[in-house]
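> Give me a 3D structure for the following:
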Amino acid sequence: MRFPRRKFLQLAGGAALPAALATGALLMPAAGILLGSLAAECSGPNCGADQAMSFRQGPYFNHALPARWLVVEESNSILLLQSGDQSADISVAGIGGLKQQLTPEVFAFQRMAALRLTDVRFTSVVYIIPMAAYDGAAVMDVTYTAPIGRMRGLVVSNVATVYNRNVFERTDGVMTLVGAKEHIWDAYANWLPEIALQAVHTGPNPFDAPRRDAEAANQMVSTHRDWAKRTWDELVAYRAKN
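Numbering: from 1, shown residues only. The predicted structure is shown next:
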């Protein structure tokens, strides 16, 4: 069964997923180094939203890089970015070939467990039109515990359910997590998620899964940025209305 491409739908109440749903978490190498040590936090009211930002083409990802942010790790399965003061992080983590049929929510929970993040709680779920090559997606407000303490943020999860002659074959997925220390998240909430959404895997076999839509890298980047902007604009408008 494919996930329907629905308009935004917000679910009432919080959603804390049980630990049993993290059974597939060890399929991806853990990357706890992103959330390492304490440091002085940003002092501006918007933590650098008005500063110049560049775009970077790495060996695997094309992504936006805010001023004074660092690339902590980049591989075929993960991109980890961190603010210079270590108060905020962007994680893009994907995996292919899972032998479970997963919803976007459960996939995101598993990826966060693989990043060694605990006490994960989704406080809302909004279903969105997925990015190219995926067939189900959701945006969730999230709180969680990292090595530096309690965090707040936003997670966007895309999954593709792949069939071979109507027989389930695998689930591929990618999760984008943007978070900051709980008491300063409001300084990032209105601009950093849109920056995070612009990261796209440009390698030939993203997340060790075969690409299903063969595209030139520059066309893929352009298409993805259009999706990121449209998704963020629609989410902002939806939440303002509701």
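> Point out where this protein drops to low pLDDT.
1-40, 43-46, 210-217 (pLDDT under 70).
> What are the boundaries of the helices in the chain?
104-114, 192-197, 217-241 (DSSP state H).
> Residue 182 is nearest to which of those?
Across these, residue 182 has its closest neighbour in helix 192-197 (14.5 Å, C-beta to C-beta). C-betas here are computed from N, CA, C, even on glycine.
> Residues contacting the closest one, please?
Here helix 192-197 makes contact (C-beta atoms under 8 Å, 6 or more residues apart in numbering) with 47, 49, 53, 64, 66, 88, 90, 92, 154, 156, 176-178, 180, 228-229, 231-232.
> How far away from the center of its chain is that helix?
Remark: helix 192-197 is offset 9 Å from the chain centroid, using C-alpha atoms, centre = their mean, to the nearest Å.
> Repeat that for stretch 189-206.
8 Å.
> Give me the buried positions along it.
Residues of stretch 189-206 classed as buried: 189, 191-202, 206 (neighbour count, 16 or more other C-beta atoms under 10 Å).
> separation between residue 52 and residue 193?
Distance, residue 52 to residue 193, by C-beta to C-beta, to the nearest Å: 19 Å.
> got the residue ranges for the strands in the chain?
For the chain, applying DSSP state E gives strands covering 53-57, 61-66, 69-74, 78-83, 88-98, 118-127, 136-146, 149-164, 167-181, 200-201.
> The third one: partners in the sheet, and parallel or antiparallel?
Right, the one you point to is strand 69-74. Applying DSSP bridges, strand 69-74 is found paired with strand 78-83 (antiparallel).
> and the angle for the partner strand with helix 104-114?
70 degrees (axes from the mean of the first three to the mean of the last three C-alpha atoms, to 10 degrees).
> what residues does strand 78-83 touch?
Strand 78-83 is contacted by residues 28-29, 31, 33-34, 42, 47-48, 58, 60-61, 63, 65-66, 68-74, 88-94, 199 when judged by C-beta under 8 Å, 6+ apart.
> Over to stretch 163-172?
With C-beta under 8 Å, 6+ apart, stretch 163-172 has contacts from 94-102, 107, 134, 159-162, 207, 209.
> buried set for it?
By neighbour count with 16+ other C-beta under 10 Å, stretch 163-172 contains the buried residues 170, 171, 172.
> What is the nearest of those residues to residue 118?
Taking the buried residues of stretch 163-172 together and measuring to residue 118 by C-beta to C-beta, the closest member is residue 171, at 23.6 Å.
> what bridges to that closest one?
The partner residues for residue 171, given DSSP bridges, come to residue 98, residue 161.
> From residue 97, how far off is it?
8 Å.
> Ok, residue 233 next?
According to C-beta to C-beta, residue 233 and residue 97 sit 33 Å apart.
> and if you look at residue 143?
30 Å.
> Give me the more crowded residue out of those two.
The neighbour count for residue 143 versus residue 97, taken as other C-beta atoms under 10 Å, is higher for residue 143 (18 against 14).
> okay, which residue is most central for this structure?
With distances taken as C-alpha atoms, centre = their mean, residue 176 lies nearest the centre of the chain, 0.7 Å away.
> What is the neighbour count of the closest residue to that one other than its chain neighbours?
Leaving aside its sequence neighbours, residue 176 sits nearest to residue 156 (C-beta to C-beta, 6 or more residues apart in numbering; 4.6 Å). Other residues within reach of residue 156, judged by other C-beta under 10 Å, total 27.
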